[in-house]
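In: Structure, please.
(2 chains)
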Amino acid sequence: MTGPLPCPVCGYGNRQGAMVCEDCGLSIPQYQACVACGFMNTADSRFCGNCGTPVGIERKQSAGPAAPRTTPAPAPGSPDDWPGARSPAGSPPSPGSPALAAGGPIRSPAHPGGPDQDQPGPGRQAAAPGTGPFVPLAGAAEPYPRPQLSPPARAGGPAAAGPAAAGPAAGGPPARAEGAAAAGPRVDPVVGAPKPAPASPQFKLVHESTGVEIRLPLADGTLVVGRPGGDPDVDVSGFPEATVVSRKHARVIIAGGRLQIEDLGSANGTYLNNARVRGPVPLADGDRLAFGQGAKVVFTVRLP
Amino acid sequence: MPLELRARLSDSRLDAAAPESQRMLFIEISAPVGDGAALPLNLGLALDKSGSMQGYALDCLKQAAKHIVRSLSARDRVALVAFNDEPEVMLASRPVVDSAAPEAAIDRLAAGGGTCIDGGMDLALRELRKAVAPSFMHHSGPGPGPDPAAGGPFVNRVFVLTDGHNQHGDDDRCVALARQAVRDHITFSAFGIGEKFSVNVLRDVVNAGNGMLHHVLTPGHIEEAFRKELAGIQRIGATQVRLTVRLADGVELAAKDPVCMVSPAIVVQEVEREPGAFHVNLGDMPADGPVVLLATVYLKARAEGPGPVASLEAAYVDSDGSGRQAPVEVAGRWVNPYVQDVDPEVAQAIARMAIYKQRQKAIEVAGSNPDMARTMLQSATELAGQAGNEELRTVLQQTLTELQRDGRISDKTMIHGEVASRTVLQEREA
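Out: The predicted structure follows:
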């Protein structure tokens, strides 16, 4: 039962190169190091999530059978502990980035002040419970970073200093840093919508490193997140390092007071609490939503 | 009637820079749409007449069994065995001339006593074997075709029905009998009534020959379940389907449970290995949908460019004798750089297989390694949630709850978990 690649769940020793555990069927996460910066990207990334370098650079043929490519340095707990995975927190917004609103308006909700906003939003809480913190097999080696499915903020779990807590936007109303607001994207991309009263309930995506808020309407509809060229409803090209975001990257589905995210076949993926999602999957308050992997374009979800 | 055979890799591009890559070979085999010549049935009914069946349940069962015998054609054969702690042949295997004699035998059913499923299975198999011509016996794959004088080939099927645990029998013997039966190309369809039967035994019995497992929530639904199953097997046009996969140089089959059926149900397959090839006996070819298999293979690195991976063919027996499907080739392309791009349909099948295997493993180790059982169930629950299968997610969560609270899993949760994870046909109120 001991092979070179023990399954992180059942411990079966799989052969090198295994993508699916032979014994329990688990899909074993695959990684490859960026040739430029060494960041461990998921194997289906087309661009490095850390530095944006295309993966399309030829690698040397591996010499021996023990190619370390698919096994990143063991990192107990959070994927944020892998080399290169840390967010360059506080990196300045790229100068001259176009105003967020210029890329395209959020497709206008029919009646932003309508009755939807007054409803308590059934199921907002129901969307929240996960399956609890993933309990690793006692005594088992932990050779893979594992997506943490419950954000530490809600789980109160082992990783108290998890990604959500680390972001400047976590906890309390996100401060609209003066500097960020001046140099970075505009704050309120809901073009044409009347400015809501401060206390009115609203979905928000709070950009982690700048604190900039994107406000989403409560009315049912879908919003494409992306960059110019993809006709996005929510244009994130104004945020720093947004080149990892595809033009049509993902969409936010608003239905019955619930929020869901669905990846639209993006090159670098959509990540919810560090787990890759294709979706649609429900979003809960405090969730950490990243477009492209790594901590480049990351938002904290805020539900009313 | 030739079969349709298709196959592809989970990701046809392979990393030329990695010493070895793992792939799933996704294999679909189907009977062509349209009315090929359906094979006659050699059917046995092994019915539970234990005390718990008394009254309404037995009335329902008689009704359902009569429906079956009335629906058979003159080409078919039928046998009837009833069992409690003692099995009894109610009607010896015979051609269906008319339904009067079988119906009279059904009317003689009376309930009482305990339950010994293997006793009923054993007698039913003895009856069916009377019609399995010697030339079909132990016939697998290429070789002499069926003897036309024997009146076959048949679809050989036993319906085994029970509402309880095998208290007077031997579960291992049930499974052993089912495995022996497969060698004579006899398959079981199982019907579990209510929420107190040994679902794992019935599952293993049907899995031996890739038969179907029906969960019948109340006796009132027995007839519906019988109808559904009979309609399916009456349209089978090919039997003794045997898949052969030849692997190209540098391609190897995985060591552990390498071939798993994912449709119509999730069943880990018995594999016959030989150097550079493997075989899987699939039994009867369902008429109403493809058989889908996942085979795990490892491929050694090659120079960049296209290369052969596997060649697949299927042998079968139909009303014209034995046939063989022309080989289907599967190729890959070795590239550098490689970017993972798993076929979404295959990824979905892999996830379903993972949920099933993880639940199975959790149940297996629940007594000896509760930590691993919990981890497995958590992982399966998450996968079910990601797949959007709320029914499955809920029952897996319940399984975990019971395991942690009671240290065991109730019959009801065991049955519903098997139903939801395996794709068991279920008869219940709409």
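In: Give me the below-cutoff pLDDT ranges for the chain.
Out: I went with chain A, as the question did not name one. A:1-4, A:55-201, A:294 (pLDDT under 70).
In: meant chain B, my bad for not saying
Out: Confidence mapping of chain B against pLDDT under 70 gives the ranges B:1, B:33-36, B:133-152, B:424-430.
In: Can you name the residue of it nearest chain A?
Out: residue B:354 (3.2 Å; CB to the nearest CB). (Glycine included, C-beta is placed from N, CA and C.)
In: For burial, what's the neighbour tally of residue A:254?
Out: 20 (other CB atoms under 10 Å in any protein chain shown).
In: does it sit in a helix, a strand or a coil?
Out: Applying DSSP: H, G, I helix; E, B strand; the rest coil to residue A:254 yields a three-state assignment of strand.
In: Could you pull up the residues touching it?
Out: A:203, A:216-223 (CB atoms under 8 Å, 6 or more residues apart in numbering or on different chains).
In: Check residue A:54 too.
Out: By CB under 8 Å, 6+ apart, residue A:54 lies in contact with A:46-48.
In: do that again at 10 Å, thanks
Out: With contact taken as CB atoms under 10 Å, 6 or more residues apart in numbering or on different chains, residue A:54 is in contact with A:34-36, A:45-48, A:267, B:337, B:339.
In: Buried ones among the residues you listed?
Out: Neighbour-count burial (16 or more other CB atoms under 10 Å in any protein chain shown) applied to the contacts of residue A:54 gives A:34-35, A:45-48, A:267, B:337, B:339.
In: And whichever strand or helix holds residue B:353, what's buried?
Out: Secondary structure assigned from DSSP states H and E places residue B:353 in helix B:344-365. Neighbour-count burial for helix B:344-365 flags B:346-347, B:349-363, B:365 (criterion: 16+ other CB under 10 Å).
In: Is there proximity between the next helix or strand after it and chain A?
Out: As assigned by DSSP H and E, the chain's next helix or strand after helix B:344-365 is helix B:370-386. Yes - Helix B:370-386 is in contact with chain A by CB under 10 Å from any CB of the partner chain, via B:370-372, B:374-386.
In: I figured residue A:259 was touching residue A:301, is that so?
Out: Yes - between residue A:259 and residue A:301 there is a contact under CB atoms under 10 Å: 7.0 Å.
In: joint contacts of these two?
Out: With contacts taken as CB under 10 Å, 6+ apart, the residues that reach both residue A:259 and residue A:301 are A:203, A:205, A:216, A:252, A:283-285, A:287, A:289.
In: Where does chain A get nearest to chain B, residue-wise?
Out: Proximity of chain A to chain B (CB to the nearest CB) peaks at residue A:25, 3.2 Å away.
In: ok now do residue B:377, which residues does it touch?
Out: So residue B:377 contacts A:131, B:358-359, B:361-363, B:366, B:396-401, B:403-404, B:409, B:417 (CB under 10 Å, 6+ apart).
In: what residue is smack in the middle of chain B?
Out: Centroid check for chain B by CA atoms, centre = their mean gives residue B:210 as the closest residue, at 2.5 Å.
In: which one is that residue nearest to, not counting chain neighbours?
Out: Excluding the flanking residues, the one nearest residue B:210 by CB to CB, 6 or more residues apart in numbering or on different chains is residue B:283, at 4.7 Å.
In: what's near enough to touch that neighbour?
Out: Counting by CB under 10 Å, 6+ apart, residue B:283 touches B:155-157, B:182, B:185-187, B:208-211, B:236, B:239-242, B:291.
In: what's across from it in the sheet?
Out: Residue B:283 forms beta bridges with residue B:241, as assigned by DSSP bridges.
In: Where strands are concerned, which of the contacts of residue A:54 count?
Out: The strands, defined by DSSP state E, take in nothing from those.
In: in the sheet, who's paired with residue 214?
Out: Using chain A here. Beta bridges link residue A:214 to residue A:205, judged by DSSP bridges.
In: Not quite, go with chain B.
Out: Beta-bridge pairing for residue B:214 (DSSP bridges): residue B:191, residue B:425.
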